[in-house]
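Enquirer: Give me a model of this one.
(2 chains)
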Number of protein chains: 2
Amino acid sequence: MNEFSGILSNAARERLGRTEIGEMISLSAKHGAISFGAGEPSPEMFPVEEMSEAIREALREPDVWGYYHDDYGDPSLREWIADRMFRDGLSPSWVSARSILITNGGGEAVNLASGALIDPGAVVLVESPTYTESLLTFRARGAVCVSVPSDDEGIVPEELERIVSYTPARFLYTIPNFQNPSGRTTSAERRVRILDVARRAGIAIVEDDPYHYLSYDGPAPESYLRLAGDDARVIHCSSFSKIVAPGLRVGWMTAPPELEDIFRSLRVSAGLGRPLAIQRGLRRYLDRVDFPGRIERLRSEYRGRRDMMTELCRRYLTPVGVRTNRPGGGFFIWAETPGAREGFSSRDFARRAVERGICVVPGTAFYPSGGGERAFRLSFAKSSGEAMEEGMRRLSRAFADEV
Amino acid sequence: MNEFSGILSNAARERLGRTEIGEMISLSAKHGAISFGAGEPSPEMFPVEEMSEAIREALREPDVWGYYHDDYGDPSLREWIADRMFRDGLSPSWVSARSILITNGGGEAVNLASGALIDPGAVVLVESPTYTESLLTFRARGAVCVSVPSDDEGIVPEELERIVSYTPARFLYTIPNFQNPSGRTTSAERRVRILDVARRAGIAIVEDDPYHYLSYDGPAPESYLRLAGDDARVIHCSSFSKIVAPGLRVGWMTAPPELEDIFRSLRVSAGLGRPLAIQRGLRRYLDRVDFPGRIERLRSEYRGRRDMMTELCRRYLTPVGVRTNRPGGGFFIWAETPGAREGFSSRDFARRAVERGICVVPGTAFYPSGGGERAFRLSFAKSSGEAMEEGMRRLSRAFADEV
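Expert: Below you'll find the predicted structure:
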């Protein structure tokens, strides 16, 4: 036909290209590279036996086969989540099972929030850098993404205040803990001030918090959701992908009471509920597992990887002029090459590095409008032992040759 | 907060209310009514044992637990679908496994098509009446839905031609077989003419075809997808909900080559892939089942229900002035009360009828802008035997009292 060009939506045009992360992952596979690329949990940590048994049992429940008329998802799983969030200090008292909507991973949660709050031309405030896929989701809805400057303590409240003073915005999108891609955590003190700015400006906060439980140096600071208390302006998004297994495709969002019906309707449009057998299986598994114990094991494993990679950074990257941080949790280290030559492009570097057998994601993938030319995201989640060290050696040589 | 009102998207505002169908289903449950309401397959027809075993086996495949990097879904399931469609005369030769995108039921397929083709203010052509949820999906994207008059043979090509002569539209949305809600099928001859109008006007066709295999008086006419041949302007949407089980939440769409990358990107925004264990299980099941034999059994069962309900309509509804049709497949009979008094409201009638123990969906649910005040959708799919007859008796009395 070659005629869709005349009837394509702006969303489709916006999303025509492949994402930088997708591109790097596929190049990594092609070159058989050691990967510090994908932000994925380690398969050894998936509770395959226990989850399999739990899903097998759920398949025996007759109602998992038909249409399920609660589009928010299985009530018993939502109860577990609401209870867990409250006990772990994540939520204020108004959050109950009815506030919890089960999604296809955390990505669908962000997508539903976008559907409820974005019109073409609306302004969305984002961290700089921020998670690429969320940026693309906002843009596909026609949003203008405005970067709020961030430093090692997260979003700078004064900068946010300055921006909202001249830009009417819909919401601030933030990954407050162990951010993807920078590994940064917004400090507790800043969260209070940021929330205050949001309240005065009348904007919502979309709190994307999939790494919450993966904290390696003590618990994460109090969530925006909880800090806001009865001022229900925070949409909190999370996921079982990092703490159980991503193949389940189960995430969740906490819907402020005012938005409950809206999310229900948007969910119906997006294909009604998600598979019930998996939700019921997950609930059975969660009933049996020592959840705090599991979280401790995950922390211990990933803390070890974080420690090893930061040590390898010191040994292999510092000597070649690369500056790295030490994240308090999550999967990512942010690497910068402040002394790189004029015209250095992280994107071009990453493409040559993957041919030399090491995959990293260039910083340019994470900025709404320029930036990241001298930065990289390194994931330590799926890498360990000799492979991690060999990857670091390769990366070091590539930097030594190219920067 | 009570402040979301200032930052809600138009989509959210558009979808604030509950749908008429959802409303009737919940009233039906509340009053313990006999239901001709929901358009759902009958649970006795779900292959629970075979599908359970197949999913149990799929859970043993290690890669079902991690992220899966093909967002279109499991390649082997997509191969099965592409092969089946071609053998059953549904698709032209350009359709291969790479054209097939696995979705969360047929609803997500329609939603993705909307994302690719609708901007605020864009015109979408729809049948009149048409499926409510699709209407709401189009409107949530900001579309203006324009009704194309239809009669017992489906969309009237002359009317379509007239409308496209003065309205630039993006696509025609049609359920060509045993339509929801009217039970009508667009004739083969009309399809050819409608496709010709679409081609000359440069608009796409979104062919929503979940009832294709449920034909009771011989096969369904050739699909738009196949009729269009190399002129790949048709996006075909279908689902396993009616032919296997809706709880799987597995549908699919056929993406024209030009749109392949766009749908991939939109899918990534909607939360990456769908659960792989279920797709792999479904593929295992399909490998084992005698698919044509299964389809024959479904046809035989639902044909019996269709025959029984049309006979009951003749016996109980015709005498009270209700006109009904005899659909060639699917789940729905369309009932009209041409002689109803001035001011008769199908919506009010349905609300009173459900209190008397019989649930039907009022025709008003299915029109984009007025209409259906004297029409009703009756589903025969989940009803049989004495319950069906008792439901029809109740409905007959309600009509006798109220029309």
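Enquirer: Near whichever residue of the stretch 151-300 of chain A sits closest to chain B, how many other residues are there?
Expert: Residue nearest to chain B within the stretch 151-300 of chain A (Cβ to the nearest Cβ): A:Gly271, separated by 3.2 Å. Every C-beta, even on glycine, is put in place using the N, C-alpha and C of the backbone. Counted with other Cβ atoms under 10 Å in any protein chain shown, residues neighbouring A:Gly271 total 26.
Enquirer: which stretches of chain A aren't confidently modelled?
Expert: A:1-2, A:15-18 (pLDDT under 70).
Enquirer: Okay, buried residues for the longest strand along it please.
Expert: For chain A, the longest strand by residue count, based on DSSP state E, is strand A:144-151. For strand A:144-151, burial by neighbour count (16 or more other Cβ atoms under 10 Å in any protein chain shown) applies to A:Val144, A:Cys145, A:Val146, A:Ser147, A:Val148, A:Ser150.
Enquirer: Next, give me the two most distant ones among those residues.
Expert: A:Val144 and A:Ser150 (18.6 Å; Cβ to Cβ).
Enquirer: Contacts for the longest helix along chain A, please.
Expert: Criterion DSSP state H: the longest helix present in chain A is helix A:291-312. The contact list for helix A:291-312, computed with Cβ atoms under 8 Å, 6 or more residues apart in numbering or on different chains, reads A:42, A:45, A:47, A:84, A:213-216, A:243, A:324, A:326-327, A:331, A:333, A:378, A:380-381, A:383-384, A:388-389, A:392.
Enquirer: Which of the residues you listed are buried? Put it as a PyMOL command.
Expert: Listed next is the PyMOL selection for buried residues among the contacts of helix A:291-312, using 16+ other Cβ under 10 Å:
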select buried, chain A and resi 42+45+47+213+214+215+216+243+324+327+331+333+378+380+381+383+384+388+389+392
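Enquirer: Let's see which of the contacts of helix A:291-312 end up in strands.
Expert: Residues of the contacts of helix A:291-312 located in strands (DSSP E): A:Thr324, A:Ile333, A:Leu378.
Enquirer: What is the burial count for the closest residue to A:Thr364 other than its chain neighbours?
Expert: What sits nearest to A:Thr364 in space, not counting adjacent residues and going by Cβ to Cβ, 6 or more residues apart in numbering or on different chains, is A:Gly372, at 4.3 Å. The tally of other residues near A:Gly372 (other Cβ under 10 Å) stands at 23.
Enquirer: list the contacts for A:Gly372?
Expert: Listed by Cβ under 8 Å, 6+ apart, the contact set of A:Gly372 reads A:Pro129, A:Ser346, A:Pro362, A:Gly363, A:Thr364, A:Ala365, A:Phe366.
Enquirer: which among those end up buried?
Expert: In those, burial by neighbour count holds for A:Pro129, A:Ser346, A:Pro362, A:Gly363, A:Thr364, A:Ala365, A:Phe366, counting by 16+ other Cβ under 10 Å.
Enquirer: Okay, the last one and A:Glu127: tell me how far apart.
Expert: The reference is to A:Phe366. Distance check for A:Phe366 against A:Glu127: by Cβ to Cβ, to the nearest Å, it reads 9 Å.
Enquirer: any common contacting residues for the two?
Expert: In contact with both A:Phe366 and A:Glu127: A:Ser182, using Cβ under 8 Å, 6+ apart.
Enquirer: would you say the residue of the stretch 151-300 of chain A closest to chain B is within a helix?
Expert: No. Under DSSP: H, G, I helix; E, B strand; the rest coil, A:Gly271 sits outside any helix and is assigned coil.
Enquirer: Backbone torsions only: list them for it.
Expert: A:Gly271 adopts backbone torsions of phi 110, psi 30, taken as degrees, to the nearest 10.
Enquirer: for the residue nearest to it when sequence neighbours are not counted, what are its contacts?
Expert: Among residues not flanking A:Gly271 along the chain, B:Glu108 sits closest, at 3.2 Å (Cβ to Cβ, 6+ apart). B:Glu108 sits next to A:Ala270, A:Gly271, B:Gly251, B:Ala270 when contact means Cβ under 8 Å, 6+ apart.
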